[in-house]
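In: Sequence below, structure please.
(one chain, ligands or ions: 2)
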Amino acid sequence: MSSHGDPIPMTSSACGPLSGTANVPGDKSISHRSLILGAMCVGETTITGLLEGQDVLDTAKAMRAFGAEVTDHGGGSWSVRGVGVGGFAEPDNVIDCGNSGTGVRLIMGAMATQPITATFSGDASLNGRPMARVTDPLALFGTQAVGRAGGRLPMTLVGAREPVPVRYVVPVPSAQVKSAVLLAGLNAPGQTVVIEQEATRDHTERMLEGFGAEISTRETDEGREITLTGQPELNAQHIEVPRDPSSAAFPVCAALVVPGSDVLVPGIGLNPTRAGLFTTLREMGADLTYENERTEGGEPVADLRARFSPDMQGIEVPPERAASMIDEYPVLSVVAAYAKGQTVMRGVRELRVKESDRIDAMAKGLRANGITVDEGEDWWTVTGAGHGNVAGGAICASELDHRIAMSFLILGMASNAPVRVDDGGPIATSFPIFEPLMTELGASVARD
Ligand SMILES: O=C(O)C1=C[C@@H](OP(=O)(O)O)[C@@H](O)[C@H](O)C1
Ligand SMILES: C=C(OP(=O)(O)O)C(=O)O
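Out: Ligands and ions are numbered 1, 2, ... in the order given. Sure thing, here's the model as predicted:
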């Protein structure tokens, strides 16, 4: 089932070369953050290139429920008139975050140190995901949370009336947990310190600095230590959202596996905390080049050119790279199916608590399509069949997970028989133009 409505079965089949330019939508992580921080400052924040995927639209709706004025001006241009740090209103109703872990966890952090109560819910996928990883550190500020067994949504948070700043070592590599603590720290007096043992995406830190917060990062023996001074006055900003490397991954990987392809994916953020997939693909022997490298809004950006790469080799992905490509393992496993030899992915336990258990979902679907997969709790391997040898022909369950649905549709673009997914509906959460964009490049992908 898709999160809102009936399932949308989709099929992809082998096609001629993919060619042309793929203008992928705005970055999902940065889009959520620009709405939330826009709501927490005084004045009007303007945003261009906002991802208008369902996850981000649900966050926009939530910010309205907390009192911000959020306006859609069309064509990815939005504005947010914020209520200031500590100025959230109490929502009248349940906050439905749909399918979005980022949305719910960051918003919980943002409201946790304000004197209001809010109840959060989501779709069947989100309601199954662990929230204690966020509510445990929020409790240190004085926030109370009551949810279902195992720390699941629906869940009610009672914001701390007299929040105290915290020092917290994040026990799992998670930018969502780090960000929730930092956003809660905004309304606590004094310094909140977050330490992460593995560096995760740093968009919250960068954006907080842009909005005028006092925030610094240093490397220590314990890991990256981020110190935020609470109760700043945040200044409204203009934010240009760069295109999403996690969405770029799909046309890039499709071009690598479809014979004869040559695709340009312009303007992709190559922040080192996000670009691990592209490094990995190049190590596998992918014909993937960075053109027109430049800096935009303080972030490294390049145009990616991906060409058909028939001689890719499986590799062992360094586990310390996992955080910088965590959402890209499903599509990497598809490329691995077309490579020669084994691709080994270790240190990826977090994949089991995403929109689906992504190791399990990919292992089942890849096996059904003739690929050998082995797995353990925090690792998996894919034994490549090589070009021309991927059978295809199976129906895969997308498990309410956009990345699983898109990954299997990429698999079908070069397999011997078409690949079907039971529900392409979740694709709209992060990449609403996936189908027309891939079709425009020459792919054969359609709703059944
Ligand atoms: O902070 C973010 O924007 C995100 C962090 C990651 O989740 P975790 O924090 O659970 O690793 C990632 O998987 C998600 O798509 C977006
Ligand atoms: C894990 C993801 O998103 P979220 O955690 O925000 O649901 C993702 O987009 O791959």
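In: Buried residues, stretch 117-124. List them.
Out: 118-123 (16 or more other CB atoms under 10 Å). The way it works is simple: take the backbone N, C-alpha and C, and place the C-beta from them, glycine included.
In: Is that stretch positioned near ligand 2?
Out: No: between stretch 117-124 and ligand 2, judged by CB under 6 Å from any ligand atom, nothing touches; the nearest distance is 9.1 Å.
In: do the same with stretch 395-414
Out: Yes: for stretch 395-414 and ligand 2, the contact criterion (CB under 6 Å from any ligand atom) is met by residue 403.
In: circling back to that earlier point, ok, and of the buried residues of stretch 117-124, which contact ligand 1?
Out: Applying CB under 6 Å from any ligand atom to these, none is adjacent to ligand 1.
In: Of those residues, which is the nearest to ligand 2?
Out: residue 122 (9.1 Å; CB to the nearest ligand atom).
In: Go ahead and confirm residue 419 touches residue 405.
Out: No: taking contacts as CB atoms under 8 Å, residue 419 lies outside contact range of residue 405: 10.8 Å.
In: Can you list which of the buried residues of stretch 117-124 are found in strands?
Out: 118-121 (DSSP state E).
In: will you turn the residues you listed into JSON lines that also has pLDDT?
Out: As requested, those are exported to JSON lines (pLDDT from 0 to 100):
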{"residue": "118", "pLDDT": "98"}
{"residue": "119", "pLDDT": "99"}
{"residue": "120", "pLDDT": "99"}
{"residue": "121", "pLDDT": "98"}
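In: just curious, which of these is nearest to ligand 1?
Out: For these, the nearest to ligand 1 is residue 120 (15.9 Å; CB to the nearest ligand atom).
In: and that closest one, what are its bridge partners?
Out: residue 95, residue 155 (DSSP bridges).
In: Pull up the residues of the stretch 101-250 of the chain that are close to ligand 1.
Out: So the stretch 101-250 of the chain meets ligand 1 at 101-102, 174-176, 179, 201 (CB under 6 Å from any ligand atom).
In: swap the cut-off to 8 Å and go again
Out: Applying CB under 8 Å from any ligand atom, we find that the stretch 101-250 of the chain lies next to ligand 1 at 101-102, 105-106, 172-179, 200-201, 203-204, 246.
In: what's near enough to touch the nearest residue to residue 367 once chain neighbours are set aside?
Out: Among residues not flanking residue 367 along the chain, residue 373 sits closest, at 5.7 Å (CB to CB, 6 or more residues apart in numbering). Shown here is residue 373, whose contacts under the criterion CB atoms under 8 Å, 6 or more residues apart in numbering are 333, 362-363, 366-367, 380-383.
In: Quickly find the element holding residue 373.
Out: Assigned by DSSP states H and E, residue 373 belongs to strand 372-376.
In: In terms of secondary structure, what does whichever helix or strand comes after that strand contact?
Out: Per DSSP H and E, the first helix or strand lying C-terminal to strand 372-376 is strand 379-385. Strand 379-385 sits against helix 329-338, strand 340-346, helix 358-368, strand 372-376, with contacts defined as 3 or more CB pairs under 8 Å, 6 or more residues apart in numbering; DSSP states H and E.
In: Next secondary structure after strand 379-385?
Out: Strand 379-385 is succeeded, C-terminally, by strand 395-396 (DSSP H and E).
In: Distance from that next one to the middle of the chain?
Out: 23 Å (CA atoms, centre = their mean, to the nearest Å).
In: next structured bit after that strand?
Out: helix 402-411.
In: touching ligand 1 at all, that following helix?
Out: No: contact of helix 402-411 with ligand 1 (CB under 8 Å from any ligand atom) is absent, the minimum separation being 8.6 Å.
In: touching ligand 2 at all, the very next helix or strand once past that helix?
Out: Counting by DSSP H and E, the next helix or strand C-terminal to helix 402-411 is strand 419-421. No: judged by CB under 8 Å from any ligand atom, strand 419-421 and ligand 2 are separated, with a smallest distance of 15.9 Å.
In: for strand 419-421, packing partners?
Out: strand 10-13, strand 395-396, helix 402-411.
In: Any chance of CSV for those, columns distance to residue 28?
Out: Output for the helices and strands packed on strand 419-421, formatted as CSV (distance: least, CB to CB, whole Å):
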stretch, distance to residue 28
strand 10-13, 21
strand 395-396, 23
helix 402-411, 10
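In: Nearest to residue 143, out of these?
Out: Closest to residue 143 of the helices and strands packed on strand 419-421, according to CB to CB: helix 402-411, at 29.9 Å.
In: residue of the stretch 51-200 of the chain with the smallest distance to ligand 2?
Out: Counting by CB to the nearest ligand atom, the stretch 51-200 of the chain gets nearest ligand 2 through residue 101, at 2.8 Å.
In: That residue: neighbour count?
Out: Using other CB atoms under 10 Å, residue 101 is surrounded by 21 other residues.
In: can you check residue 9 too?
Out: 15.
In: and what of residue 268?
Out: Quick note: residue 268 (other CB under 10 Å) scores 27 neighbours.
In: mind checking how far it is from ligand 2?
Out: Distance, residue 268 to ligand 2, using CB to the nearest ligand atom, to the nearest Å: 16 Å.
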